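Colleague: coords below, sequence missing:
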């Protein structure tokens, strides 16, 4: 009751009796546009780096300047734009962290493809993204009352736009013209008796540097530590101890090689029994499974550590709902939610829609059970996610842990009723995927409604806006995933190959979800490798370090985590210089709207958007057919003039220049308007 009283006593920035432009066509269209843009760019970043950054701040900053160009706006219109646009980022994160798991489930003995591959289609992804996003919004409606406890826009937007422009030019030089090497690095000889197949490389992209600056030196350092262990520790150790034929046999078991008697991936030569890229072969054969075990354990440890908060959050929300009925009767503009009947009917409709859609896995009865499980788990974890975001923020929201808990419960239920065949694996992933999407969107929704509460927005209009954002995001996310995946038939093996799951788009969380489902339902995991990862995560936790960040670093290629670490190191240097010089207002710890963070946000947006656009320009890209962009690609000519080493050094110099620009921008005060 104290929480309800505090809400009643609050005086918002826009008074309740005010009638200010809010849910206007201009605001809705701009918000939907941001939802499309940041939804697509989040797909690109999450598939590559296995993490995302919040889109709320960049959308809020950019919308102010954009709406000003369109004739001006009110604070409530800007709030609607941010509300609609942020749904794209949160829903995309939930989709990419789970649904790529369809590609990594048990292998069909006839087609030699994953039993989930047929469901990795546009309509399945669109449906799960849309329904999961809607569920996250609907479940938040009765919780809003208990979970809700400017003028610099133009100047701030200029910094973000400069970063976006810089990153766009850099990414175009790299991805279209090939002037900047994609992944410079060095690999020791596989035949070295001291340090074989050790790897140091970095994908020197603007989005990785931007992400590293945003997450800071602590998390970036833990992330790269996992990569250092994997690529400079585990891989050289295995290369020293395990014959290459044994590694090839393991790759055959995992489906990467068709037969050791034929040439195959990573330069496998059946005559000499050697790999041209031994480091990549070991990574696929062993390190990814060790990393998956570490990520699973790290997520579960995170869940256990937040369990008291989860239980308290759920109890507090239920208790507050019982005592807050009187508040629902309020007719004040700032207290108008969607009717509770919409929540109940909408939740029931979601379960029924899932049961009748033929392109989802399972029979009618099985899909109906899926719908019921999704609503039950969704209500619990939406409540938990929303409450936790209010306590510890969106960055610390353990959505992965909640998804793991959902998958464990679902798989154990399937085992209890005898559903242990391979065909039930996609059904379990559907439950986990929709709950992850709903929980991720609920966390963002909680923040959006809290912002609206502070400024005096109309909750009902925000909730409608969030649904519009969910539709916009769902439309583009499935298409973007399909374009980036580029499924093609491998002429050597006759198998369909996917970009998702390769070094270009590792999709670590999706692989983890599939690994858990296979282990529980099909009993075909290499548990000896998975358990190494589990105890690695436990060791890291006992050292007082975040096991999940370390585990994700161990799973990802070092080429991903090293440039992120460099961005984090720049942030650490800026913070230290700022504290020493007394300039912490610009770059201090926890500062979300400093010039460095805004420029880094622009780097992320420019890099991911350019990468997504280039992928669309190459689509459809038929195997063996030259791309229409090939004539402007200069990498081969530059490598011929400079040598391969000189070409890579040129790329490193460009990356260093970008780092220096980021540092200089971060050290400057924000321009005043």
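Modeller: Now that the structure is in, tell me what you want to look at. If you're wondering where the values come from, they're calculated on a predicted model, not measured in any experiment. Numbering: from 1, shown residues only.

Colleague: any idea how far stretch 553-569 is from the chain center?
Modeller: 15 Å (Cα atoms, centre = their mean, to the nearest Å).

Colleague: Please apply the same query to stretch 14-26.
Modeller: For stretch 14-26, the distance to the chain centre is 33 Å (Cα atoms, centre = their mean).

Colleague: quick one: contacts of it?
Modeller: The contact list for stretch 14-26 (Cβ atoms under 8 Å, 6 or more residues apart in numbering) reads 67, 70-71, 73-77, 79-80, 332-334, 455-458, 461, 464-465. Using the backbone N, CA and C atoms, a C-beta is placed for each residue, glycine as well.

Colleague: next one: stretch 261-272
Modeller: 248, 251, 256-258, 260, 274-278, 280-281, 284, 492-493.

Colleague: Tell me the gap between it and the middle of its chain.
Modeller: Between the centre of stretch 261-272 and the centre of its chain there are 35 Å (Cα atoms, centre = their mean).

Colleague: what does stretch 511-524 give?
Modeller: Taking the mean C-alpha point of stretch 511-524 and that of its whole chain, the gap between them comes to 21 Å (Cα atoms, centre = their mean).

Colleague: Neighbours of the residue nearest to residue 467 when sequence neighbours are not counted, how many?
Modeller: Using Cβ to Cβ, 6 or more residues apart in numbering and skipping residues adjacent in sequence, the residue nearest residue 467 is residue 137, 5.7 Å away. Neighbourhood size, residue 137 [other Cβ atoms under 10 Å]: 28.

Colleague: next one: the one 3 residues further on
Modeller: Each residue near residue 140 was counted by other Cβ under 10 Å, and the total is 29.

Colleague: That one and residue 200, how far apart?
Modeller: 45 Å (Cβ to Cβ, to the nearest Å).

Colleague: repeat for residue 301
Modeller: Distance from residue 301 to residue 200, by Cβ to Cβ: 29 Å.

Colleague: So if I had to pick from the two, which one is more boxed in?
Modeller: Remark: of residue 301 and residue 200, residue 301 carries more neighbours, 21 against 16, as counted by other Cβ under 10 Å.

Colleague: what helix or strand does that one sit in?
Modeller: Per DSSP states H and E, residue 301 falls inside helix 288-323.

Colleague: For residue 191, give me phi and psi.
Modeller: The phi/psi pair for residue 191 (degrees, to the nearest 10) reads phi -90, psi 0.

Colleague: in the host helix or strand of the residue nearest to residue 467, what's buried?
Modeller: Assigned by DSSP H and E, residue 137 belongs to helix 122-140. For helix 122-140, the neighbour count (16 or more other Cβ atoms under 10 Å) marks 124-140 as buried.

Colleague: What ranges does the stretch 151-300 of the chain have for its helices?
Modeller: Applying DSSP state H, counting those that start in this stretch to the stretch 151-300 of the chain gives helices spanning 153-175, 206-229, 235-241, 244-254, 278-282, 288-323.

Colleague: got the contact list for the fifth one?
Modeller: Helix 278-282 has contacts (Cβ under 8 Å, 6+ apart) with 187, 190, 196-199, 231, 234-235, 238-239, 242, 244, 247-248, 251, 265-266, 268, 275, 503.

Colleague: Quick check on the contacts of stretch 14-26: which are buried?
Modeller: Buried among the contacts of stretch 14-26 (16+ other Cβ under 10 Å): 67, 73-77, 79-80, 333-334, 456-458, 461, 464-465.

Colleague: contacting residues around residue 498?
Modeller: Counting by Cβ under 8 Å, 6+ apart, residue 498 touches 103, 485-487.

Colleague: Can you tell me which of the residues you listed is closest to residue 650?
Modeller: residue 486 (28.0 Å; Cβ to Cβ).

Colleague: Run through the strands of the protein in chain order.
Modeller: Along the chain, counting by DSSP state E, strands occupy 185-187, 199-201, 488-489, 496-497.

Colleague: What lies in contact with the last one?
Modeller: If I follow you right, that is strand 496-497. Defining contact as Cβ under 8 Å, 6+ apart, one finds that strand 496-497 is touched by 113, 117, 487-490.

Colleague: Single out whichever of those residues has the smallest pLDDT.
Modeller: Of all the contacts of strand 496-497, residue 490 carries the smallest pLDDT score, 67.

Colleague: Count residues in the vicinity of residue 428, would you?
Modeller: Residue 428 has 30 nearby residues by other Cβ under 10 Å.

Colleague: In this structure it contacts residue 517, no?
Modeller: Yes. In this structure, residue 428 is within contact of residue 517 by Cβ atoms under 8 Å, at 5.1 Å.

Colleague: what sits in contact with each of those two?
Modeller: Common neighbours of residue 428 and residue 517 are listed as 407, 411 (criterion: Cβ under 8 Å, 6+ apart).

Colleague: OK, contacts around the closest residue to residue 424 other than its chain neighbours?
Modeller: Excluding the flanking residues, the one nearest residue 424 by Cβ to Cβ, 6+ apart is residue 414, at 5.4 Å. By Cβ under 8 Å, 6+ apart, the contact set of residue 414 is 420, 424, 427-428, 521.

Colleague: Model confidence for residue 414, exactly?
Modeller: pLDDT recorded at residue 414 is 87.

Colleague: Roughly how far does it sit from residue 343?
Modeller: Using Cβ to Cβ, residue 414 is found at 28 Å from residue 343.

Colleague: Name the nearest residue to residue 30, ignoring sequence neighbours.
Modeller: Nearest to residue 30 is residue 81, by Cβ to Cβ, 6+ apart, at 5.1 Å.

Colleague: what about the one you found, neighbour count?
Modeller: Neighbours of residue 81 under the rule other Cβ under 10 Å: 31.

Colleague: Model confidence score at it, please.
Modeller: What the model reports as pLDDT for residue 81 is 89.

Colleague: At which residues are the helices of the stretch 501-650 of the chain located?
Modeller: 508-521, 527-542, 547-555, 558-581, 584-587, 595-617, 635-667.

Colleague: Which one of these lies nearest to residue 89?
Modeller: Closest approach to residue 89 among the helices of the stretch 501-650 of the chain (Cβ to Cβ): helix 595-617, 10.8 Å.

Colleague: Would you mind listing the buried residues in that closest one?
Modeller: Applying a neighbour-count criterion of 16+ other Cβ under 10 Å, one finds 595-615 buried in helix 595-617.

Colleague: That helix - contacts with which helices or strands?
Modeller: helix 25-49, helix 56-69, helix 153-175, helix 206-229, helix 459-485, helix 558-581, helix 584-587, helix 635-667 (3 or more Cβ pairs under 8 Å, 6 or more residues apart in numbering; DSSP states H and E).

Colleague: And the pLDDT for residue 330?
Modeller: Per-residue confidence (pLDDT) for residue 330: 49.

Colleague: Please read the previous query as pertaining to residue 636.
Modeller: For residue 636, the predicted pLDDT is 90.

Colleague: Let the chain start at 36 from now.
Modeller: Yep, numbering from 36; the last one is residue 671 now.

Colleague: center of this protein - which residue?
Modeller: residue 81 (3.5 Å; Cα atoms, centre = their mean).
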